[in-house]
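> Please find the sequence and the predicted model below.
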Amino acid sequence: MERMEAESVDLTVTSPPYDDLRNYNGYSFDFEGVAAGLLRVTKPGGVVIWVVGDKINGGRTLSSFRQGIRFQKIGFQMHDVMIYRKKNTPFMRSNAYTNAFEFMFVLSKGSPKTFNPLKEPTVRSGYEMVVHNKGPDAVNNKVLKELKKEKTRTNIWAYAVGMGGTTRDKVAFKHPAVFPEKLADDHIRSWTEPGDLVFDPMCGSGTTPKMALLCERDYIGVDISPEYVAIAEQRIEAYGHIAG
C-alpha cells in the first residue's frame, strides 16, 4: 500500500488472517499497519468491507470488536455491522449454540458516496387494505396501500461455502481460507459503480480482483505470498485480464 496513491480506492473487500486460526505460509499480520494504510488510500466517501470473526477457545477472543474500535479511533466510520452467515459449515460447540457466522464491518471514510441497495422479492405485492393508525377508540383504521414487489435486503447475508458454493475454481482451494465469490460480488455492486477501483490488500486466492473484473470495475490485489499471488493470477487469467 505504501506505493499506492493516497485517496485512490473506492472500495476494499478483504478478510484478515484473524487470531492465527490458519497458517498462511508462516506470514504474520500487522493489523495496525494495514488499518492505517487503508485509511490513507481510501477516497473520501470510500468504503472498506472487513470480513472477520473470532477464535473460540473456551470463549470468544473478541479480536473483531477490538479491530472495529481501532478503525473508529483512526478515523473510519462504522457505517454498518453486517453478518456473513455460512449455510452449510457451522462450527459445532458442545456447550453453546452452533457458530455459523462472521462479521462484515462496513467502514466508511465519511458518508458512503455510493449505495446501490440489493433487492429481494416481497411475500405479497399489489394493492391491499393495511392498518394505518389506531385511534383513541382502539379501532384499527385501514387504508388502501401499494405493496412493492421487492424490498431492500437485510444486513444478514447467507452464502453456501465449499466447492460450488464459495467458487467453482478448484485452484482457489489451495488457499486455506476462501470467502464466497457472491459475497465479494454483492459488496462490489452495493458500494461502487463500473470503472471504480476495488482493492484487496490480502487478496489470497484472488476472489475480490476476480469479481471486480467480472463487475467491470478496476482492481488491485496484492499479497505477501508469491504462492497465493500465483493462484490469484491463474483464476483471473481465465477471465481475461491481469493488471500489470
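Received the coordinates, thanks. Residues are numbered from 1 along each chain as shown.

> in the chain, which ranges drop under the pLDDT threshold?
For the chain, applying pLDDT under 70 flags the ranges 19-28, 129, 133-135, 138, 176, 240-244.

> Please verify my assumption that residue 200 contacts residue 9.
No - distance between residue 200 and residue 9: 10.0 Å, which falls outside the contact criterion (Cβ atoms under 8 Å). Every C-beta, even on glycine, is put in place using the N, C-alpha and C of the backbone.

> Mind listing the shared neighbours of the two?
Listed as contacting both residue 200 and residue 9 by Cβ atoms under 8 Å, 6 or more residues apart in numbering are residue 220.

> Show the contacting residues for the residue nearest to the spatial centre of the chain.
For the chain, the residue nearest the mean C-alpha position is residue 49 (4.6 Å; Cα atoms, centre = their mean). Taking Cβ under 8 Å, 6+ apart, we find residue 49 in contact with 11, 12, 13, 14, 104, 105, 106, 107, 187, 191.

> mind redoing it with 10 Å?
Applying Cβ atoms under 10 Å, 6 or more residues apart in numbering, one finds that residue 49 lies in contact with 11-15, 80, 82, 84, 104-107, 183-184, 186-188, 190-191, 198, 200, 208.

> Bridging across strands, which residues link to it?
When bridges are taken as DSSP bridges, the partners of residue 49 come out as residue 13, residue 106.

> With residue 79 as the reference, measure out to it.
Separation of residue 49 from residue 79 (Cβ to Cβ, to the nearest Å) stands at 10 Å.

> overlap in contacts of the two?
In terms of Cβ under 10 Å, 6+ apart, residue 49 and residue 79 are both contacted by the residues 105, 106, 107, 191.

> In those, find the pair that's most separated.
Distances among the shared contacts of residue 49 and residue 79 were taken as Cβ to Cβ; the most separated pair is 105 and 191, at 12.9 Å.

> Spit out the contact partners of residue 144.
Contacts of residue 144 by Cβ under 10 Å, 6+ apart are 127, 128, 129, 130, 132.

> Dump the residues you listed to TSV, plus neighbour count, distance to residue 37 and secondary structure.
Formatted as TSV, those follow (neighbours: other Cβ atoms under 10 Å; distance: Cβ to Cβ, whole Å; DSSP: H, G, I helix; E, B strand; the rest coil):
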residue	neighbour count	distance to residue 37	secondary structure
127	9	53	strand
128	12	52	strand
129	9	56	strand
130	12	50	strand
132	11	52	strand
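
> I figured residue 51 hits residue 204, correct?
No - contact between residue 51 and residue 204 fails when scored by Cβ atoms under 10 Å: they sit 11.4 Å apart.

> can you list residues touching both of these two?
Common contact partners of residue 51 and residue 204 (Cβ under 10 Å, 6+ apart): 14, 15, 177, 179.

> possible to save those residues as JSON lines with secondary structure, distance to residue 72 and neighbour count?
What follows is the shared contacts of residue 51 and residue 204, written out as JSON lines (DSSP: H, G, I helix; E, B strand; the rest coil; distance: Cβ to Cβ, whole Å; neighbours: other Cβ atoms under 10 Å):
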{"residue": "14", "secondary structure": "strand", "distance to residue 72": "18", "neighbour count": "22"}
{"residue": "15", "secondary structure": "coil", "distance to residue 72": "19", "neighbour count": "24"}
{"residue": "177", "secondary structure": "coil", "distance to residue 72": "25", "neighbour count": "15"}
{"residue": "179", "secondary structure": "coil", "distance to residue 72": "23", "neighbour count": "23"}
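
> And the residues you listed, which is closest to residue 137?
Among the shared contacts of residue 51 and residue 204, residue 179 lies closest to residue 137 (Cβ to Cβ), at 54.5 Å.
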